[in-house]
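In: I'll drop the sequence and a predicted model, then ask my questions.
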Amino acid sequence: MLRKRDTLSCLCFFAAVLPAPLLAQTAADGLAWEANVRARYEHVDDDAFADSGQATTARLRLGLRYRFDDHWSVLLEGAGVVAAGE
């Protein structure tokens, strides 16, 4: 239980701290970094199934946006999801 709590605490810390510096980096030529970190815990207890389920996951999205006009931009984005618990 201690390991799950430590993992979740680290994920929440990165979710709060990581995006701010990356979102602030905008170059004069219209390029901008984007980042999003999400920690998630889900518990399912359904009477239709014999077992209940739970999952702790972390999702990281990183992207590079190029704004070439006031109304148009292009986004190159990648995402990864990892299990943060057992």
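Out: Here it is on my side, so go on.
In: check which element follows the helix or strand of the chain with the lowest mean pLDDT along the chain.
Out: For the chain, using mean pLDDT, DSSP states H and E, the weakest element among its helices and strands is helix 19-24, scoring a mean of 50. Toward the C-terminus, helix 19-24 is succeeded by strand 31-44 as the next helix or strand (DSSP states H and E).
In: check which residues of that next one are buried.
Out: 32-37, 39 (16 or more other CB atoms under 10 Å). From N, CA and C alone the C-beta is placed, and that goes for glycine too.
In: any chance of the residues you listed in JSON lines, plus distance to residue 50?
Out: As requested, the buried residues of strand 31-44 are exported to JSON lines (distance: CB to CB, whole Å):
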{"residue": "32", "distance to residue 50": "49"}
{"residue": "33", "distance to residue 50": "46"}
{"residue": "34", "distance to residue 50": "42"}
{"residue": "35", "distance to residue 50": "40"}
{"residue": "36", "distance to residue 50": "36"}
{"residue": "37", "distance to residue 50": "34"}
{"residue": "39", "distance to residue 50": "28"}
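In: out of those, which one sits closest to residue 71?
Out: Distance ranking of the buried residues of strand 31-44 against residue 71, using CB to CB, places residue 32 first at 15.8 Å.
In: hey, what's that closest one bridged with?
Out: Per DSSP bridges, the residues bridged to residue 32 are residue 26, residue 65.
In: where does pLDDT dip in this protein?
Out: Low-confidence segments of the chain, defined by pLDDT under 70: 1-28, 85-86.
In: let's see it at 90
Out: Across the chain, the ranges flagged by pLDDT under 90 are 1-59, 67-71, 81-86.
In: what two of the buried residues of strand 31-44 are the furthest from one another?
Out: Going by CB to CB, the pair spanning the buried residues of strand 31-44 furthest: 32 and 39, at 24.1 Å.
In: surely residue 84 touches residue 59?
Out: No - look at residue 84 against residue 59 with CB atoms under 8 Å: they stay out of range, at 10.1 Å.
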